[in-house]
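Peer 1: Sequence plus predicted model, see below.
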Amino acid sequence: MEPQQIREGYLVKKGTLLNSWKAVWVVLSDDGLEFYKKKTDRSPKGMIPLKGAVLMNPCQDFGKRMLVFKISTDRKQDHFFQASHVEERECWVKDVKRVITCLDGGRKFARKSTRRSIRLPDKVNLAELYALMKDQDDGVKELKLEQENRVFNHCFTGATVVEWLISKEKARNRPEALMLATGLLNEGFLQPAGDLSKEGAESGEQTVFLDETIALYYFADSGFFCEGYSSDEDVLLKEEFRGNIIKQGCLLKQGHKRKNWKVRKFVLRDDPAFMHYYDPTKGDDPLGSIHLRGSVVTAVEFVPDAKKYDVDGNLFEIITSDETHYFLQAAKPEERKEWITAIQAVSKSGK
């Protein structure tokens, strides 16, 4: 019987022998995890058996490289994967954990869990809590705060987080709320913004979340940026980065000069309407940006030179107001539809 396919998509993987990180196509089944150089390849580059494996999330072995999780096989081989955003990492981690649990218990993976009744009632799902905190109407409000001749945009204080957790009955008191906030910080959902909060996050062996009005934090997927004097880790961002993040993830993009196709991480922002693209294996500096105001985006069935690179299906095109053409490929039909819908909405509403 063929293994059941559970999840597939692009992730960045650390090389086993070399320290290089490369984007690969990953397929999770009910007996292991396979990774391919390209989505269209018939044979995988490697297969990771998950029976007896241990998953570590988050994995903080690589300093500034965020959103990494580690799978250690029963033969003590370590495999490191990096997602493009928090929600993507949590989806992969959740499914990989369930496969490991099912294999170790001799059970078959099932989409719907039958074990809800025996879960501890006080068990906290940090991903769900993070989603509630980001709710525009009822969540933690993102503000523009000034501190030491710097202006921090889309951030909030540590005290605000603690008070929100108590007011929404997610914690009974400040020590309990502080424990939850520390968990969110450790898991990468929250990030330290100012010098004080960074010192707390980096001091000693254990990360410390500060319940203070002068300790600043921001959501990992927010449009955070800092203006004014900048320390090594506070980057001065341009106007085009100030919009809220509407959607993000990996797509194949055709190059303008060589016409080859490469995996790129895309981040779609509104007001102003921009889509930045990045090398998913490297840092936070974008390779380029697409100004979407007044652009046209449509699904296409044919792109010149695409089949030469085994690129076929789920294609779409963005034509900007200055008539620059961008050709992209999503992994699945529904993913293409989601990207087109989101880009169309931003191009009409964003400035």
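Peer 2: Okay, I see it.

Peer 1: Distance of the nearest residue to T157 once chain neighbours are set aside relative to G194?
Peer 2: Of all residues not flanking T157 in the chain, T213 sits nearest, at 5.0 Å (C-beta to C-beta, 6 or more residues apart in numbering). C-beta here means a position set from N, CA and C on the backbone, and glycine is covered the same way. Distance, T213 to G194, by C-beta to C-beta, to the nearest Å: 12 Å.

Peer 1: Mind checking which of those two has more residues around it?
Peer 2: Taking neighbours as other C-beta atoms under 10 Å, T213 and G194 compare with G194 leading, 23 against 11.

Peer 1: and the residue lying closest to that one once chain neighbours are set aside, how many neighbours?
Peer 2: Using C-beta to C-beta, 6+ apart and skipping residues adjacent in sequence, the residue nearest G194 is L216, 4.2 Å away. When neighbours are defined as other C-beta under 10 Å, L216 has 27 of them.

Peer 1: OK, contacts around L216?
Peer 2: 145, 147, 152, 155-158, 192-194, 196-197 (C-beta atoms under 8 Å, 6 or more residues apart in numbering).

Peer 1: Identify, among the helices and strands of this structure, the element with the weakest mean pLDDT.
Peer 2: Ranked by mean pLDDT, DSSP states H and E, the helix or strand of the chain with the weakest confidence is strand 225-228, at a mean of 69.

Peer 1: Give the partner strands of that strand in its sheet and their orientations.
Peer 2: Here strand 225-228 is paired, per DSSP bridges, with strand 150-157 (antiparallel).

Peer 1: Give me the phi and psi for the residue most central in space within the chain.
Peer 2: Centre of the chain computed as the mean C-alpha position; nearest residue by C-alpha atoms, centre = their mean is H85, 0.4 Å away. Here is the backbone geometry of H85 (degrees, to the nearest 10): phi -160, psi 170.

Peer 1: Please apply the same query to K337.
Peer 2: Given degrees, to the nearest 10, the pair of backbone angles that K337 has is phi -60, psi -40.

Peer 1: And it, how far from V297?
Peer 2: In terms of C-beta to C-beta, K337 sits 11 Å off from V297.

Peer 1: more neighbours, the two?
Peer 2: Counting neighbours by other C-beta under 10 Å for K337 and for V297 shows that V297 has the greater number, 21 against 14.

Peer 1: show me what contacts the more buried one?
Peer 2: V297 neighbours (C-beta under 8 Å, 6+ apart): 316-319, 340, 343-344, 347.

Peer 1: Which of those are buried? Put it as a ChimeraX command.
Peer 2: Only the buried entries of the contacts of V297 go into this ChimeraX selection, using 16 or more other C-beta atoms under 10 Å:
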select :316,317,318,340,343,347
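
Peer 1: In terms of distance to C59, which of the contacts of V297 ranks first?
Peer 2: Nearest to C59 out of those is I343 (C-beta to C-beta; 32.4 Å).

Peer 1: isn't that closest one right up against D270?
Peer 2: No: look at I343 against D270 with C-beta atoms under 8 Å: they stay out of range, at 10.4 Å.

Peer 1: re earlier: skipping adjacent residues, who's closest to the residue nearest to the centre of the chain in space?
Peer 2: Spatial nearest neighbour of H85, excluding adjacent residues (C-beta to C-beta, 6+ apart): Q248 at 4.9 Å.

Peer 1: Next one: the one you found from A220, what distance?
Peer 2: Relative to A220, and taking C-beta to C-beta, Q248 is found at 11 Å.

Peer 1: With D285 instead?
Peer 2: 18 Å.

Peer 1: So which residues of the chain form helices?
Peer 2: 86-105, 126-133, 158-167, 174-186, 195-202, 333-349 (DSSP state H).

Peer 1: Any stretches of the stretch 251-351 of the chain with poor pLDDT?
Peer 2: Residue ranges of the stretch 251-351 of the chain with pLDDT under 70: 283, 350-351.

Peer 1: State the number of residues packed around P286.
Peer 2: P286 has 18 neighbours, counted by other C-beta under 10 Å.
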